[in-house]
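Chemist: coordinates only, sequence not included:
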């Protein structure tokens, strides 16, 4: 499975409405992950993460333990260990249709879910 599913722009606009946020796993114009957000995870702005789908566990655990607001876009896969060990920390919204990621002509071959956790935005020293 490919890891590089670019988040639809309309979804980010809907979630953040021009408010600042940190994208922990962005896709660059060449369709590859642009940075390693696990090491740069901030506490002073909300965090959004569409984690690599081959191994979302580290990203999901980081989001679960994050004290501030965070939204994850994940593959809907409740049978996995990463889902079962972390889902209780989030409000889960199942997306009713398969997403078209980035500029794809066809919808993804899997369903998606949004995991959301609110919390205070705290400034870093």
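Modeler: Yep, it's here. Bear in mind that the values here come from a model prediction, so they are computed numbers and not experimental data.
Chemist: give the buried residues for stretch 15-32.
Modeler: 15, 21-27 (16 or more other C-beta atoms under 10 Å). In this view, the C-beta of every residue, glycine as well, is placed from N, C-alpha and C.
Chemist: and for stretch 95-115?
Modeler: Buried, per 16+ other C-beta under 10 Å, within stretch 95-115: 99, 101, 112-115.
Chemist: can you list the weak-confidence ranges in this structure?
Modeler: Residues of the chain meeting the criterion pLDDT under 70: 1-4, 28-36, 120-125.
Chemist: ok so, going back, among the buried residues of stretch 95-115, which lie within strands?
Modeler: When DSSP state E defines the strands, the subset of the buried residues of stretch 95-115 inside them is 112-115.
Chemist: hang on, the earlier thing: restricted to strands, list the buried residues of stretch 15-32.
Modeler: Per DSSP E, those map to strands at 22-23.
Chemist: nearest to residue 61, of the buried residues of stretch 15-32?
Modeler: Comparing the buried residues of stretch 15-32 against residue 61 with C-beta to C-beta places residue 24 closest, at 12.5 Å.
Chemist: returning to that earlier point: so can I have a markdown table of the buried residues of stretch 15-32 showing distance to residue 77?
Modeler: Output for those, formatted as a markdown table (distance: C-beta to C-beta, whole Å):
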| residue | distance to residue 77 |
| --- | --- |
| 15 | 21 |
| 21 | 24 |
| 22 | 25 |
| 23 | 22 |
| 24 | 19 |
| 25 | 17 |
| 26 | 22 |
| 27 | 20 |
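Chemist: what does stretch 19-30 contact?
Modeler: Outside stretch 19-30, the residues that touch it by C-beta atoms under 8 Å, 6 or more residues apart in numbering are 4-7, 12, 15, 33-35, 37-38, 40-42, 45-52, 59, 62, 102.
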